[in-house]
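J.: With the sequence up front, the predicted model follows.
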Amino acid sequence: MSGRLFVHIGPPKTGSTALQMALQNIDKDDFGYLGVRQPRSANDRTLSALLDDYCSGREPVLGSDLKTELTTVRDRVANGETLVLSEELFLVWEPEADIWAKLDRLDQMLSDIERTYVATLRDPIQALPSYFQELYAHLSMRERGRPAEFFEHPRCDCYDYEKLTAWFEDRDLELRYIGIEHLARGTAHLRQLLGASCKIDAELTIPSVNSGTKSSSGEMRVLQPTRLTDLTKTGLQRRLVDKLKTTSPRLHSAIRQWARSVVLKPESSQTLEVPAARAEQLQCAYRRVRERAMVLSAPSP
């Protein structure tokens, strides 16, 4: 009997970390968890990390490690195992590869494996301020000061559930949705989340992690201080710093350490609101897909 690979793709800020913590603790015969391990490690070489490096373009050539891992997955699925891969970075926009390019590359790698994609449904207006907060340290100075532009950016299309659904339907691929409320309950059954095609069942204990503060008018978020080093993350400044790192590593290290101590803007709290037109677009798409998904993919009693 053939098994199946379930690929959980996020989006970010929809309970992925909690789900991954629960999945990595399942100890069952004929089950394997291949996704990111929590807490994350910079040296992670799991299948999810190898795939993300390839899909994002950081590793433009299909490496031997990834080829070996994919061969192992094919064999395990062919032998009847249920495998789960969870990595929300597949839906994180990057300058070298947008969301849709990453999904294209991902499915090309998995095209000969029996698979189901899984995404979590969460109201975008609740998720987006938290997403801005999470990425704040990696944003340019312009982006930090203009959250409205951030919310309009294609990186936030990961919360356009109609566009996401259409991408999978156009390719005749199975996409199953999990309502975030099923993760928030603290316990869930694997088969309830993944559907009838999941041959293995297990009770999951889902922790509460990465919760943020909320205000009645929007999302009150604590934003990190802006330091002198943040001015060197883009453009000419970035190129000059990279050159200095190559030509004089010790001087680069000393200057960087000093620049990190210089605070240009202290830590602050800010209410982040999604522009009205963008909010309406994303929420309408979310409600329509949720209504359909809850009919097609409602957990079993």
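T.: Done, it's in.
J.: tell me what the longest helix along the chain is packed against?
T.: If you go by DSSP state H, the chain has its longest helix at helix 276-296. Secondary-structure packing of helix 276-296 (3 or more CB pairs under 8 Å, 6 or more residues apart in numbering; DSSP states H and E): strand 115-121, helix 124-135, helix 161-170, strand 175-179. C-beta coordinates here come from the backbone N, C-alpha and C atoms, glycine included.
J.: how about that helix: buried residues?
T.: By neighbour count on 16 or more other CB atoms under 10 Å, the buried set for helix 276-296 is Arg278, Leu282, Gln283, Ala285, Tyr286, Val289, Arg290, Ala293.
J.: Nearest spatial neighbour of Ile255, chain-adjacent residues omitted?
T.: Excluding the flanking residues, the one nearest Ile255 by CB to CB, 6 or more residues apart in numbering is Leu244, at 7.4 Å.
J.: tell me the mean pLDDT for the helix or strand encompassing the one you found?
T.: In this assignment (DSSP states H and E), Leu244 forms part of helix 235-247. Averaging pLDDT along helix 235-247 yields 83.
J.: How far does that helix sit from its chain's centre?
T.: Average the C-alpha atoms of helix 235-247, do the same for its chain, and the two points are 30 Å apart (CA atoms, centre = their mean, to the nearest Å).
J.: Give me the neighbour count for the residue nearest to Ile255.
T.: With neighbours defined by other CB atoms under 10 Å, the count for Leu244 comes to 16.
J.: List the residues that contact it.
T.: Leu244 makes contacts with Leu251, His252, Ile255, as judged by CB atoms under 8 Å, 6 or more residues apart in numbering.
J.: Mark which of those residues are buried, thanks.
T.: His252, Ile255.
J.: wait, which of the contacts of Leu244 is closest to Arg221?
T.: In terms of CB to CB, no member of those lies closer to Arg221 than Ile255, at 30.5 Å.
J.: distance of that closest one from Lys233?
T.: 15 Å (CB to CB, to the nearest Å).
J.: so where's the chain shaky on pLDDT?
T.: 1, 210-219, 294-301 (pLDDT under 70).
J.: my guess is Lys197 contacts Thr116, does it?
T.: Wrong residue type there; residue 197 is Ser, not Lys. Yes: using CB atoms under 8 Å, Ser197 is in contact with Thr116, at 6.2 Å.
J.: got any residues that touch both of these two?
T.: Taking CB under 8 Å, 6+ apart as the criterion, Ser197 and Thr116 both touch Arg4.
J.: Neighbour count: the two, which is higher?
T.: The neighbour count for Ser197 versus Thr116, taken as other CB under 10 Å, is higher for Thr116 (18 against 14).
J.: ok so, going back, generate a markdown table for the contacts of Leu244, with distance to Asp172 and secondary structure as supplementary columns.
T.: Formatted as a markdown table, these follow (distance: CB to CB, whole Å; DSSP: H, G, I helix; E, B strand; the rest coil):
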| residue | distance to Asp172 | secondary structure |
| --- | --- | --- |
| Leu251 | 56 | helix |
| His252 | 51 | helix |
| Ile255 | 54 | helix |
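J.: and which of the contacts of Leu244 is nearest to Ala188?
T.: Looking across the contacts of Leu244 and measuring by CB to CB, the closest to Ala188 is His252, at 48.1 Å.
J.: End to end on stretch 76-88, go ahead and measure it.
T.: 23 Å (CA to CA, to the nearest Å).
J.: With stretch 86-95 instead?
T.: Per CA to CA, stretch 86-95 runs 22 Å from first to last residue.
J.: What are the buried residues along that stretch?
T.: Ser86, Glu87, Glu88, Leu89, Phe90, Leu91, Val92, Trp93, Glu94.
J.: One more: stretch 73-90?
T.: Quick answer for stretch 73-90 (16+ other CB under 10 Å): 73, 76-77, 81-90.
J.: do stretch 19-38 as well
T.: Buried-residue list, stretch 19-38, by 16+ other CB under 10 Å: 19-23, 26, 31-38.
J.: Turn those residues into JSON lines, columns for secondary structure.
T.: Compiled in JSON lines, the buried residues of stretch 19-38 are given as follows (DSSP: H, G, I helix; E, B strand; the rest coil):
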{"residue": "Leu19", "secondary structure": "helix"}
{"residue": "Gln20", "secondary structure": "helix"}
{"residue": "Met21", "secondary structure": "helix"}
{"residue": "Ala22", "secondary structure": "helix"}
{"residue": "Leu23", "secondary structure": "helix"}
{"residue": "Ile26", "secondary structure": "coil"}
{"residue": "Phe31", "secondary structure": "strand"}
{"residue": "Gly32", "secondary structure": "strand"}
{"residue": "Tyr33", "secondary structure": "strand"}
{"residue": "Leu34", "secondary structure": "coil"}
{"residue": "Gly35", "secondary structure": "coil"}
{"residue": "Val36", "secondary structure": "coil"}
{"residue": "Arg37", "secondary structure": "coil"}
{"residue": "Gln38", "secondary structure": "coil"}
